[in-house]
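> Sharing a model prediction with you, sequence too.
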Amino acid sequence: MAEVLTVTNIRKNLLREIEHLKQKKEIILTKDYTPVAVLSHIDIHKTQKQSPAMIVLGAKKCFDTCALKTINVINYICKKYYSKVIFVYGNATKKYRSNFKTDDLRTVYNKKSNLPIITSLKCGITALSLFDKYFVIVFLSQPQDKKTLMTMSNAALKSSDKIIISRRNGKPVHPIAFSANCKNILIKTRKELGIPHIIKKFKDKIMYVDIKRRPK
């Protein structure tokens, strides 16, 4: 069943209409007597996938070579190892949105790309689904190899509430993964403190995953 509403009408009662969307299934929005958009209810039981989500932080300007290399690896690996890709972009990186070729791509605009990284992460968190148990954070400007992204996905599947940090030659590196239980903590963290503050505060929750550098 679909209910047809004008853009003007739903603007006044948007929250109420969303609450009743489960019963209506769909709302068709019209403007000037023409359908322009559809709101659909998401059945999380049908879309549930255990693989972690991937949040790509790319709001700041990035060299084309790095950006495209990162995206190519993500396109190759995500269908099997990640439930979705969330791309946080800024004015300088908006052009890369069309390069992602994943089944579930969600893009979030960060209008404050000059602020610390955690600002972009908070943007990305808003696009997570209710059933996402883990999310892996990567940077558009730091291409990762396929094996690293596979390893992080497998580690997240085996963990419950750990902060998973990749490590190479005994030193912490990116990417990093968080349990969905950390969402509210990250959202409430002040921008001047950032992710390092979370890692320091919850050091007993950290699990390291050793990544071997692939031979050239």
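It's in. Numbering: from 1, shown residues only.
> Residue most distant from the centroid, this protein?
Most distant from the centre of the chain: Y33, at 35.7 Å, with distances by CA atoms, centre = their mean.
> From the chain's centroid, how far away is the lengthiest helix in the chain?
Assignment by DSSP state H gives helix 64-81 as the longest helix of the chain. Centroid separation for helix 64-81 versus its chain: 14 Å, with CA atoms, centre = their mean, to the nearest Å.
> per-residue confidence averaged over whichever helix or strand comes after that helix?
As assigned by DSSP states H and E, the chain's next helix or strand after helix 64-81 is strand 85-89. The pLDDT scores in strand 85-89 average 96.
> in its sheet, what does strand 85-89 sit against?
strand 53-58 (parallel), strand 105-109 (parallel) (DSSP bridges).
> Please measure how far the first residue of stretch 82-90 sits from its last one.
Start and end residues of stretch 82-90 are separated by 23 Å (CA to CA, to the nearest Å).
> Pull out the buried residues from stretch 151-170.
Residues of stretch 151-170 classed as buried: 151-153, 155-156, 159, 162-166 (neighbour count, 16 or more other CB atoms under 10 Å). (Each C-beta comes from the backbone N, C-alpha and C, glycine too.)
> Strands of this structure, residue ranges please.
Secondary structure of the chain (DSSP state E): strands at 2-6, 26-31, 34-40, 53-58, 85-89, 105-109, 134-139, 163-168, 171-179, 206-210.
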